[in-house]
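Colleague: coordinates only, sequence not included:
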């Protein structure tokens, strides 16, 4: 894989710092590294591979230099403004916000699911929502084998999904302090409220899961419903997924399919209390799947419990995997 000039937009945030950690772990081939943030965080020094880098304020002139790839995780407004500027300078943008996900000419990619979609990018590739990523990784192979008819999502999402503010609200609440990020105390509470409420009664987060799953699976009218809940856990999202198929199945075949699917670790030994939990998923990139069992209330239906690190597989690691796929494909074409 060739060495690239890489930029990170939103470098001082939780996902931005995780970008740096994952890039170093994966020994990603970097020639020059550029770190950008808001004016407020500019001047911060971050360490990468033993070297200190000073974070620059993001401006319209930031991409007036030789940059090949830019990883964005600075919110939708920043992405809407600056991703096209980067693209117009010949930079390929992998964006972690929701700004571009549902645009028809922007691929929405999970490398274990639809890696070839990076090939038709127009300079911007969207990283899906964290909860969408960990759900479609196990569902895709099952969809190929059994044809999904309907999905019911129930998510239990960690406060790190809200950034530093979410972490602080949890810590403050435990210590008797006030909440500033959430409308109610998150400590010792579960809040059925992630992102804004919409006129249809769903939240934006719930509609993201519905619409993004449909786009990634290539099934625009697939019946899906979702309830997303913020829980008092620092990191890693859990999901209860109920899925109805068009075909009947054997549980043993479902487990075998999941065990041979890329990016999945099956933990499904109930007799030994082995199942996905946050403390196992934390710091890793695999999607953990367990509690695999038939739904006896409806024909051809299945229950799954899925847990993943939302900062890594749900954000930074997935974006870096996208870049790796992109660079590998470029090398293939060059050969």
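Modeller: Thanks, I have it. None of these values were measured; they are calculated from a predicted model.
Colleague: quick one, helices of the chain?
Modeller: 14-25, 76-88, 130-146, 164-174, 204-217, 251-259, 278-281, 317-334 (DSSP state H).
Colleague: Let me have these in TSV, extended by distance to residue 270, mean pLDDT and mean neighbour count.
Modeller: Yep, even glycine has a C-beta here, placed from its N, CA and C like the rest. Listed next are the helices of the chain as TSV, based on distance: least, CB to CB, whole Å; pLDDT from 0 to 100; neighbours: other CB atoms under 10 Å:
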stretch	distance to residue 270	mean pLDDT	mean neighbour count
helix 14-25	32	98	20
helix 76-88	41	98	17
helix 130-146	18	98	23
helix 164-174	30	97	18
helix 204-217	27	98	21
helix 251-259	12	98	15
helix 278-281	15	98	18
helix 317-334	29	79	18
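Colleague: How many residues are close by the closest residue to residue 323 other than its chain neighbours?
Modeller: Residue nearest to residue 323 in three dimensions, not counting chain neighbours: residue 69, with 5.5 Å by CB to CB, 6 or more residues apart in numbering. Using other CB atoms under 10 Å, residue 69 has 23 other residues around it.
Colleague: same question, the one 3 residues further on
Modeller: By the criterion of other CB under 10 Å, residue 72 has 30 neighbours.
Colleague: Mind listing the residues bridging to the residue nearest to residue 323?
Modeller: Beta-bridge pairing of residue 69 under DSSP bridges involves residue 6, residue 92.
Colleague: any idea how far residue 129 is from it?
Modeller: 21 Å (CB to CB, to the nearest Å).
Colleague: Next, work out how far apart the residue nearest to residue 323 and residue 32 are.
Modeller: Counting by CB to CB - residue 69 and residue 32 are separated by 11 Å.
Colleague: doesn't residue 35 make contact with residue 43?
Modeller: No - contact criterion CB atoms under 8 Å: residue 43 and residue 35 do not qualify, at 10.9 Å.
Colleague: For these two, indicate the residue with more neighbours.
Modeller: The neighbour count for residue 43 versus residue 35, taken as other CB under 10 Å, is higher for residue 35 (25 against 12).
Colleague: Listing request: residues of this structure with sub-threshold pLDDT.
Modeller: Along the chain, the parts satisfying pLDDT under 70 run over 1, 329-335.
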